[in-house]
Structures are given as C-alpha cells and as structure tokens.
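Participant: Got a sequence here, can you build the structure:
(2 chains)
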Amino acid sequence: MNAQLFSSEELERRRAASRRLGWALGAVVLALYLLGFFIQR
Amino acid sequence: MDTATTTAHGHTAGDHGGGYHPTGILRWLTTTNHKDIGTMYLTFALIMFFVGGAMILAVRAELFQPGLQLMQPELFNQLIGVHALVMIFAALMPAATGFANWQIPLMIGAPDMALPRLNNWGFWLLPPAAILLTLPFALALFGIGDGAIATGWTFYAPLSVQGGIGVDFAIFAVHILGISSILGSINIIVTIFNLRAPGMTLMKLPLFCWGWLITAFLLIATIPVLAGAVTMLLADRHFGTHFFNAAGGGDPILFQHLFWFFGHPEVYILLLPVWGLMPHVLATFSRKPVYGYKGQVYGFVGIGVLSVVVWAHHFLTAGLPVPALLYFMYSTMAISLPLAVLFFCWIATMWRGAMTFETPMLFAVGFIVLFGIAGLTGLVLADVAADAQYHHSYFVVAHFHYALFAGGIMGVMTGVYYWLPKWTGRMYSETLGQWHFWLTVLSFNLTFMPQFFLGLAGMPRRIPDYALQFAEFNAISTVGAFILGISQLLFAWNIIQCARGHGPQAAGRVWEGAEGLEWELSSPPPHHSWAVQPQVK
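Facilitator: Presented below is the predicted three-dimensional model:
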C-alpha cells in the first residue's frame, strides 16, 4: 500500500459529487412516494 | 501493505469540523464523525434491544400457562406489535447502520462518510421516533388514549383504520424512522461510490460494503412505498378517504400489497449487512481467503432483485388468483438459489481451514446452522398448499425468529465481538463471550423450536390465551425466553467493560487471520480514520 495525503481539492471534488448523487437519490425517493398516491386498485 | 500513519485529532483535509471539538453532551449532539455516530447508533440499538426484549418477556410470561394471568388482551396485542416495531426499526436496523458508520470508511480507506451532517441528522431522528412508538403506553396510564398500536407491526387495514391513537403515533414514528433510513442509505451509497481509496475497484470492495450497498438501494426503493401506504392509512383514518375501505370503493388487500412490497425486502434489509459480514469473520478464523467473492457479490445482487418481486407470499391465503399464487410461490422458492450460493461459499471458506473458535466465529457458525433452519422452513411456508395450513400459526413465528434472531441479531452479535476490540482498543472477556454464545444458542432453541410444533399442531399466533393441548410447549418456550433474555446481560456487560477501557489492549490487527484496510489502523482508530489516503493494489 502506498500512502499519500488527501488533497483538499480532491476531497472537495468527491464531496461535491456525493452531494449531487445524494440529491438525485432523494429525488427518486420523493418520486416513488408520490407515485404511490396514483396507484389504482 | 505498509501501515499508514495518522494523527488523532489531527487537522487534515478531512477535518470537516473546522477544528471545533466540543465535549460532553454537545459532542454527541453535534458530532459529524462517523465513529461517534456509529457508536450512537449501536448504543441506541442495544438499549432498544432490551426495551423490545422486555416487552416480549411480558408476553411470554402471559403465555406461560393457559388463561389470562398478567394482562388483558388489549395490552397483549400492543406489546406484540410494538415489540416487533422496536426490534426491527429501533434495534436491528440501527445496529446495522452503526456497523456501516463505523466500518465502511475504515474498510474503503475514506476519511469519513461523504455527507457527515446528514449522517448526524439521520441518527438524531431515531430517538424521537422511538419515543413516539412507546409513548402511548405511558399516556394510557394517565387516561390519554387507549395505549400503543395494537394491530401488530403490519398495520393491516381495516383494523388499523379503526384503531386508537397508538396507530397515529406509530404512523408518524414510521415516517420519521423511514426518513432516517433513507438519509443513512443515501450517505452509504454516495460514500461507497465516491470515497473509495484509489485502486479499490467495485470488485475489490469488501463484501460487508457490498452487502450494505445492496441494502441501501433496497431501502431507497421500498421505504417510500411504506411511507406512502401509511400516509394513505392516515388519510383513511382522519381525512375521509377510502383507499382501504371496501365500503367506499377501496380495497384492504391493496394495503397488504403496499405493505409487503416494503415488508419482504425489509427482511433482506435486516439480513444483507450481516451476510456481508459473515465471509470476513469466517475467513479470519479459518485463516483462508474468502471463497467465491464474485459468487457472493452476484448472490447479494440476485437476492436484492428477487426480494422486490415476491412480496405476496406473506398473504397467500388472502384470496389471490391462482396464477398469482403460482408466480409468488415459484419466485419465492427461486430466492433459495442465490442464498444457497452464499451458504456454499461460507462453508467452502471454512473447508480445510486452520479454524479456531473465538466468540465471533462461534456466533458465525451458530448463525449458519440456525439460519439454515429459517431458510428450510421458509421453503415450506412458500408452498401455497402447505401455507394454507401454517399461515398465521406459531410455525410462522418460529420461522421468522430463526431468520431475524438467529440470522439478524446473532449476526449483529458476531459483528460486535469481531469489531469491538477495533472500536474500543480493548479485548472483551473471551470467557464471558463463550458463556454468552452457548446460553444464547441453547435458550434460543428452547424458546423457538417448540413453537414449530405448536404451529404444526394448529396454535394461532397473536392470542393471549390458548387451548390446554398447547400448555407444555408454551411453558418450555417461556422458560427458554427468560434464559435468553437474561443471558443478554452478559453481552451488555462485556461491551460496557470494553467501552470503559477494561481488558487487555487490542493490537491494530486484532485477529491473526484478519485481512483488509481496517486492520491497518490502530485500535481504536484515530479521530480521522484515513487522513493519509491508502492505495489498494
């Protein structure tokens, strides 16, 4: 295993990507929840 | 691998706290550190495990002999329902999330979870939800309402439409618990996708992380459906809708479909993190590499996919059309294929290994044997013709406790004994651990094995009184339950002693045969797990 310091820029880039994916997953959750109200028996 | 060096409380690029380190209660309220939050999840789970356990001991005491001794049927029903909700949502799920918080950053070489503030919020939603679940018991003592939810954990309509305020409390609690689970799941998915150490491709991801990744996707797919179902139930109760009211054109069976679309994957949500942990433990104490890594990954994925298409096997007796019965029977049985792959890989990992039986290994082997019984009896229940006999009997109660206690809680115990020295820096008492294992396994079987025979003989579940013919097996089951409950105090004592710093100092690589990034760090790990980023070859 080689070791190196996390750079602030790299960490921030990864965290920003995480935030974007987090919002996208949250939107999927909301869509599924709302979809439930339109289920016809 | 070289050992990476890190500095406790060092200010690095991963120090999202800006150097602010409050102490006391403020530390726990405001912490964004994955290890602190993992500890809070695990502590909360342990407390609620005893709360849920105390409830069911009261139930077992009532069932010790026929007739009503200790409580009225209303309280009996409430205790059963809240026991299940507490054990599932407030004990097992938080325990698995505690594992994820502690271990995933350590295992993938990340400094912390990707969204640390969301992580804090996810945890602090749990205590108010647990209070909402249990508060109606206390309110009833003051003459407010008629106690907690008495429908069982499934909220079946139309009973839940007619129930007291306990149902409303439970509906709000489930919403909050669901939000907490979704926040945790989003965090786990984005952490695994974005914060893996360089060189750690998805097919090098530790199996525990794979198990949790599939779990997190299942939660995101199914919790909104549960939330939608209980929101519709709330509307039926208070806002004049008729989603589940046949008199108004609704359909109570629709509720069962919606509930079990969540409820069956929920079983795998509880079990997949544990299945992901098993290969690590088995490989460590067999001193061999994990057998069939890819097979296990595909097994997890296969089980995850199948888990969302088999839900109606929970109500095969509700009057579904025959083609639907056949579909749900065969699709349910198909789950045994990927599960058999996992069992095969676990056994093959141990095969001809230099095995030793420390407490985590004992629990892992116990898990495999007892969870096998859950799987085999599940096949029986999936059979439409057989299920007509066994549905709503104690056979079902025994089956799902072999799945969720032997499979879920004993799996959590495996993980706690395996990782506790890593978390606390102290070795637990092996003697107490062995006592805990043997008492747990023996009393568990004493409690639940008789329930298979009660079910086969026709004793229905969820009744506070029963015919004389069931008396002996019920008495045995109650004795077993009390031994099982009391023996868990050994578990709690062992954990508390380690947390208080008692016991021998644990090495970084706690177990001789352990492999993985997490064992490269000291025990306990530094405040920021991987301030120095590892690279995986």
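
Participant: by contact count, what packs against the strand or helix carrying A:Ala24?
Facilitator: Of the helices and strands defined by DSSP states H and E, A:Ala24 is found in helix A:8-35. Under the contact criterion of 3 or more CB pairs under 8 Å, 6 or more residues apart in numbering or on different chains; DSSP states H and E, helix A:8-35 touches helix B:165-194, helix B:207-238. (Each C-beta comes from the backbone N, C-alpha and C, glycine too.)

Participant: if you set the cut-off to 10 Å instead, what comes out?
Facilitator: Helix A:8-35 is packed against helix B:116-124, helix B:165-194, helix B:207-238, with contacts defined by 3 or more CB pairs under 10 Å, 6 or more residues apart in numbering or on different chains; DSSP states H and E.

Participant: roughly how far out does the helix or strand of chain B with the lowest mean pLDDT sit from the chain middle?
Facilitator: When the helices and strands of chain B are compared on mean pLDDT, DSSP states H and E, strand B:532-534 comes out lowest with a mean of 82. Its chain's average C-alpha position is 32 Å from that of strand B:532-534, according to CA atoms, centre = their mean, to the nearest Å.

Participant: Spatially nearest residue to B:Gln69 (excluding sequence neighbours)?
Facilitator: Counting by CB to CB, 6 or more residues apart in numbering or on different chains, the nearest residue to B:Gln69 once its immediate chain neighbours are dropped is B:Glu62, at 6.1 Å.

Participant: What's the local residue count around B:His238?
Facilitator: The tally of other residues near B:His238 (other CB atoms under 10 Å in any protein chain shown) stands at 10.

Participant: so what secondary structure elements neighbour whichever strand or helix holds B:Pro360?
Facilitator: B:Pro360 belongs to helix B:359-382 when elements are defined using DSSP H and E. Helices and strands touching helix B:359-382, by 3+ CB pairs under 10 Å, 6+ apart, are helix B:252-286, helix B:322-334, helix B:336-350, helix B:384-390, helix B:394-401, helix B:410-424, helix B:430-456.

Participant: quick one: buried residues of it?
Facilitator: Within helix B:359-382, the residues that count as buried by 16 or more other CB atoms under 10 Å in any protein chain shown are B:359-368, B:370-371, B:373-375, B:377-378, B:381-382.

Participant: what sits against the residue nearest to the spatial centre of chain A?
Facilitator: A centroid search over chain A (CA atoms, centre = their mean) returns A:Gly22, at 1.9 Å, as the residue closest to the centre. Applying CB atoms under 10 Å, 6 or more residues apart in numbering or on different chains to A:Gly22 gives the contacts B:Ala114, B:Leu115, B:Leu118, B:Leu183, B:Ile186, B:Asn187, B:Ile189, B:Val190, B:Thr191, B:Asn194.

Participant: ok, the one residue in chain B that gets nearest to chain A to B:Pro66 distance?
Facilitator: Nearest residue of chain B to chain A: B:Gly228, at 2.7 Å (CB to the nearest CB). To B:Pro66, B:Gly228 is 42 Å away according to CB to CB, to the nearest Å.

Participant: more crowded one of these two?
Facilitator: For B:Gly228 versus B:Pro66, the count of surrounding residues by other CB under 10 Å is larger for B:Gly228: 22 against 16.

Participant: any idea of the pLDDT on the residue nearest to that one when sequence neighbours are not counted?
Facilitator: Counting by CB to CB, 6+ apart, B:Gly228 lies nearest to A:Gly36, which is 2.7 Å off, once chain neighbours are set aside. A:Gly36 is assigned 72 on the pLDDT scale.

Participant: do the same with B:Asn187
Facilitator: We note a pLDDT of 95 for B:Asn187 in this prediction.

Participant: count of residues packed around B:Leu118?
Facilitator: The local packing count at B:Leu118 equals 19, with neighbours defined by other CB under 10 Å.

Participant: cool, and A:Leu30?
Facilitator: Here the count is done by other CB under 10 Å, and A:Leu30 has 12 residues near it.

Participant: Report pLDDT for it.
Facilitator: In the prediction, the pLDDT value recorded for A:Leu30 is 89.

Participant: Then B:Thr5?
Facilitator: 37.

Participant: Surely B:Phe99 touches B:Leu272?
Facilitator: No: if you go by CB atoms under 10 Å, B:Phe99 and B:Leu272 don't touch, sitting 11.6 Å apart.

Participant: Looking at chain A, what residue ends up closest to chain B?
Facilitator: Residue of chain A nearest chain B, by CB to the nearest CB: A:Gly36 (2.7 Å).

Participant: That residue and B:Ile223 touch, don't they?
Facilitator: No: in this structure A:Gly36 lies outside contact range of B:Ile223 using CB under 10 Å: 11.3 Å.

Participant: who's more crowded, those two?
Facilitator: Neighbour count, other CB under 10 Å: between A:Gly36 and B:Ile223, B:Ile223 has more, with 26 against 18.
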